[in-house]
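>>> Dropping a prediction and its sequence here:
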Amino acid sequence: MKASTIFILSAVSLAACLPGPPEDGQLRLATDEPEAPANPPSDPEGTLPMTPVPMDPGVDLVPDLATGRRTSQLQRLPNRVLVHALRDWFGAWGLTPPDISEGLTAPEKVRGWENNGYALTLDPRLFEAWFSAMESNAPDLVDIFESDCVDAGSIDCTKSILARAGRLAYRRTLTAAELEAFAGRVSSAGEDLRLERAAALTALLVSPPVLYRIELGEEGRSRPATSLEIASRLAALIWASVPDAALLDAAESGDLTDAEERRRAVARMLEDPRARDGMDWFFEQWLELPAIFRAEKNPEVYPAWQDDFPVAMYREMNALIDHLVWSGEAGRYQDLFQTDLVLPTGGLDALYGVSAGEVLVPAPNRQGLLTRGGFLAREGFEQTSPVLRGYWLREHLLCDLVPEAPANVDNVPPPIEPGANTRERIAARTSGSCAGCHVLMNDIGFAFEGFDADGQAREEDNGRPVDTSGQAVASDLRSFGGAAEMQDRLTSSRMGPTCFARQLFRYGLGRVEATADRPDIDRLMSVFDATDGDILAVFTAVSETEAFLTVEPAR
Amino acid sequence: MYPRRRFLRDLGLASGASFLGPLVDPWMRTAWGQSASAQRLVIYQTSLGTRDQYVPAPDPASALGFDLKSFRALEDVKADVQVVRNLYNPFNQHLHGNRWALTSAPGTGEDEESPGTATFDRFMAERVGSAAPVRSLNLALWDNRRLTTQSASGAGQPFPVDREAASAFARLFPDEGGTGGEDPSAARNRRTAQRRRLLDAVRGDVRRLERRLAGPEKLKLETYLGSIDAIDGRLQALAETPATASCSAVEGPDPETLGGARDPRREHADAMVELAALSLTCGLTQVVHLNNRPTGVDWLPTDNDEQTGSHSMWHGDGTDLKHDAWFSLQGQHLRTLWRRLQDTPEGAGSMADNTLILWINSSGGGHHNGFYDYWVLTLGTLGGRLRPGFVDLPRSSVDNAGSDPRYTLAKENRRPSTRSNRDYSVRSTADYFTTLNEAFGLPGETFGDARIRQGPIQEMLT
């Protein structure tokens, strides 16, 4: 679904736009059958029936969702993980990590996630960058490991070099056969021996087990993930990286299939500074934080807007999340939508009406992350885009899917004319047949009309007072009076936290959840309830889901 | 042989160009498998729009009936220039140019950040560039870490861009110096053979794994194998280069020079243009995409020495001096490329006879809302198939409330809401690229979204 294409939807999509509440009131996930179409709501009193989680009829890149859950058995390491892996490996080897940024292209996203195992392929440029990095560093690695050999010219030394570098890169100890195969390519002596060892090491470092997480299933049935497979999954989840030597030790000498050992390993990983990398990556994707970099404003309408605001706004969102999750007190999901802290740097002090500084400070009338510039200013060139704001919230915070606009839809923003504010213009333009779908987005977006497209607070729009009240139909958010109350509804609803759990699942498993994953989502919600929304607790609980600990059957 | 460490470092990057041309052995191109009449395409894509006063325009008093304005650097090669005005591309963005303007088709993914199909450079790479060691190059003129590619191999397949001239040079013209007094070419061949053996070994590993997989998982490994083949193909091409050929022996731009020069950013752009010329004349590739999309250009002249940057030119800092300098540089780059091709013999003439250089602005004819006012400039006639001169295409009124695809296909914030019922271009960029297909001798090959495509623009052809 393209955010930019959703503006006005016609009756063509009406049936898909207004799902009725499921008869069983149960959680509905990606593979559920579509509901029968419902009539547009008429609910002036705000008593619309609540849907625990609305139907999600989308089909994504996962090829066999209809037959049940399935995790890709051959997952190319995501760009972020590859970069972190180089940092960790080369750091452990005492070398400067090579730069492969020339080979990193923007990956295909699935529901906003760039670590989806089905969408990641090995781009030729990435392979070339990786190949060059390994080839150019291999001689140095040979020198490092060779210095520990008793007999530097022996075949045992060759195997030792390959084994030591290979263990981190393969995320396991190489088998004797593998060592024989790689070492068998080395036959010379003298200077040529060094080069041949480097070539063999390069071959190892560019082979499939390095660039892919390979988890082959059994025919016809799922199997428990092995201790080493769990180690790799944990490293991706918590560090956005690969296992270090200690985690591999824990996996090979202990047993990460054992819940207690797993908990110990997770506790150690959370103490490591790399734990912030995993959390950062989750939030970056879930909240689509880089979206602020596409902000463009008409300088005639927004003269205070500065070209470097997006950078400051991006920094602020990251700083806030970092503070909420890691400041010492258990950061809660609810805090995300109730915090009044802002980071008034880079010119944002004027935006928030506080003194400039490099520390987080409270700001008036800025409850929740969704009243920060990093969200408010993403869209809208010369006026706000409440439809896009509402659409984004629907998809990212409620895990709803809004159907794509019909191809022939008239989706031009209503021109700014005297006598009507944005809400009034949008409401007029999206009335009638369009309302069937727009009812899902408009009101949610209107909640933020108290903030202009550059993030400035406002009470009037085009000379007319703003109206921020509304109802979030087809959800359990009910009615609200504005941005603060809307965010309160997100925290008190079931739909918001459930979506949070689903997004964590998507991040941790590298795929979209399926119907068979319902017990796992329920499990995450149990942790959510038991810990009052403790972000870290729910985050790590992903590692205890059945899906995380299972390798699906081979196709 | 040219001393490797001398390239531009002692001479200065800008003055290095004239030293590179004579280094090229024309016959080595044949060794790399090219025919003597290989066609070439260079796309010089810039962004952020144009202002009318700097754009070539009809002028009966000027030679050939049009004034080159800020592209006056092309005056002495004007007989090879064709300017086409009044094209539209409704899929382009409202602001600052669609990354995928060279597709003439909608993008995919969230906010259309992903290409919907191949861009014209990659499209042509498969048709005219497939025999070359490198099917196409994608070079960014400015070392801008935030720069994203504007080239794509297909739907959801952005084609990576080289952003650093020095590293791009090193990649394309690897230094294979020998050790212990070994002959450099022998050393290169030895290293190449070793690399190819290594790739063979990896290919074997992948094949073994592939046998254990099925369906979509197996397909993933095909891209892996394709990546190996791509490197292997280039290594093979290099191995077959005659030992006396000097294209692989020239020195690339020195990162230290780039970083320490007075105007590093401009010199980086010049170095990339030089790399493009070298790659074409050496026969390394036949298709080059030069990506001229900076976020700031510090060397541009300013009135007050305070504001710099290319984007601010269109927002309050747009002095005539700046705009003229900006477009003049582009004219100079085009001329440099063209002259280098003209100076390189090929068959009975020169490489320029079989080359088309296309200048296009991804934002179209304006900083905002320029996508109904595209204009393009080319150098070259492709053997007389393109007609030099000014091609002023028609315009007609479009009704915002109607069903005209020029309006209905534009999306949301891409429609000029304040410019209703105005005259818009009638022919699209899809028509334009389809016409270029004709000029390249690919009749019947269409390009771009069918909804905006009428067919070749006959006014462009002889």
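Arrived safely, thanks for sending. Numbers count the residues shown, from 1 in each chain, chains lettered A, B, ... in the order given.

>>> where does chain A dip in pLDDT?
Regions of chain A meeting the criterion pLDDT under 70 cover residues A:1-71, A:188-191, A:407-408, A:410-412, A:555.

>>> the strands in it, which residues?
Listed from the start of the chain, chain A has strands (DSSP state E) covering A:74-76, A:212-214, A:223-224, A:341-342, A:361-362, A:460-461, A:464-465, A:470-472, A:478-480, A:550-551.

>>> residue contacts, B:R453?
B:R453 is in contact with B:104, B:428, B:430-431, B:434, B:446-447, counting by Cβ atoms under 8 Å, 6 or more residues apart in numbering or on different chains. The way it works is simple: take the backbone N, C-alpha and C, and place the C-beta from them, glycine included.

>>> now swap in B:W359 and tell me
Counted by Cβ under 8 Å, 6+ apart, B:W359 has contacts B:44-46, B:330, B:334, B:376-378.

>>> so what pLDDT did it get?
Per-residue confidence for B:W359 comes out at a pLDDT of 97.

>>> That one falls within a strand, correct?
Yes: the assignment for B:W359 is a strand, going by DSSP: H, G, I helix; E, B strand; the rest coil.

>>> Tell me the spacing between it and chain A.
Applying Cβ to the nearest Cβ, to the nearest Å, one obtains 24 Å for the distance of B:W359 from chain A.

>>> Tell me how far that residue lies from A:L524.
Counting by Cβ to Cβ, to the nearest Å, the gap between B:W359 and A:L524 amounts to 55 Å.

>>> Quick check: phi and psi on the spatially closest residue to A:P465 that is not a sequence neighbour?
With Cβ to Cβ, 6 or more residues apart in numbering or on different chains as the measure, A:E459 is the residue that lies nearest to A:P465, at 6.4 Å, once sequence neighbours are left out. Dihedral angles phi and psi of A:E459 (degrees, to the nearest 10) take the values phi -110, psi -20.

>>> rewinding a little: could I get the strands of chain A as CSV with mean neighbour count?
Listed next are these as CSV, based on neighbours: other Cβ atoms under 10 Å in any protein chain shown:
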stretch, mean neighbour count
strand A:74-76, 25
strand A:212-214, 21
strand A:223-224, 14
strand A:341-342, 22
strand A:361-362, 13
strand A:460-461, 15
strand A:464-465, 12
strand A:470-472, 25
strand A:478-480, 19
strand A:550-551, 18
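
>>> any chance of the ones you listed in a markdown table, with distance to B:A118 too?
As requested, the strands of chain A are arranged in a markdown table below (distance: least, Cβ to Cβ, whole Å):
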| stretch | distance to B:A118 |
| --- | --- |
| strand A:74-76 | 22 |
| strand A:212-214 | 27 |
| strand A:223-224 | 41 |
| strand A:341-342 | 44 |
| strand A:361-362 | 50 |
| strand A:460-461 | 43 |
| strand A:464-465 | 47 |
| strand A:470-472 | 41 |
| strand A:478-480 | 46 |
| strand A:550-551 | 37 |
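
>>> B:L141 against B:N292, yeah?
Yes: counting by Cβ atoms under 8 Å, B:L141 does reach B:N292; the two are 4.7 Å apart.

>>> Contacts only, for A:D532.
Contacts here follow Cβ under 8 Å, 6+ apart; on that basis A:D532 touches A:332, A:334.

>>> Against chain B, how distant is it?
When Cβ to the nearest Cβ is applied, the distance between A:D532 and chain B equals 32 Å.

>>> likewise A:G470?
Using Cβ to the nearest Cβ, one gets 22 Å for the distance from A:G470 to chain B.

>>> Let me see the ranges of the helices in chain B.
When assigned using DSSP state H, the helices of chain B occupy the ranges B:17-20, B:28-31, B:120-125, B:165-172, B:184-210, B:215-239, B:255-260, B:264-281, B:320-342, B:405-408, B:429-439.

>>> Which strands or helices does the last one pack on?
Just to be clear, that refers to helix B:429-439. Helices and strands touching helix B:429-439, as assessed by 3 or more Cβ pairs under 8 Å, 6 or more residues apart in numbering or on different chains; DSSP states H and E, comprise strand B:81-88, helix B:120-125, strand B:355-361, strand B:374-379.

>>> what residues does the first one touch?
Right, strand B:81-88. With Cβ under 8 Å, 6+ apart as the contact definition, strand B:81-88 has outside contacts at B:56, B:64, B:66, B:68, B:74, B:364, B:371-379, B:381, B:386-395, B:406, B:424-429, B:431-432, B:452, B:457, B:460.

>>> Separate out the buried members of these.
For the contacts of strand B:81-88, burial is judged from neighbour counts taken by 16 or more other Cβ atoms under 10 Å in any protein chain shown, and it is met by B:56, B:66, B:68, B:74, B:364, B:371-379, B:381, B:386, B:388-393, B:395, B:406, B:424-429, B:431-432, B:452, B:457, B:460.

>>> so A:V311 touches A:L348, yeah?
No: with contact defined as Cβ under 8 Å, A:V311 does not count as touching A:L348 (10.5 Å).
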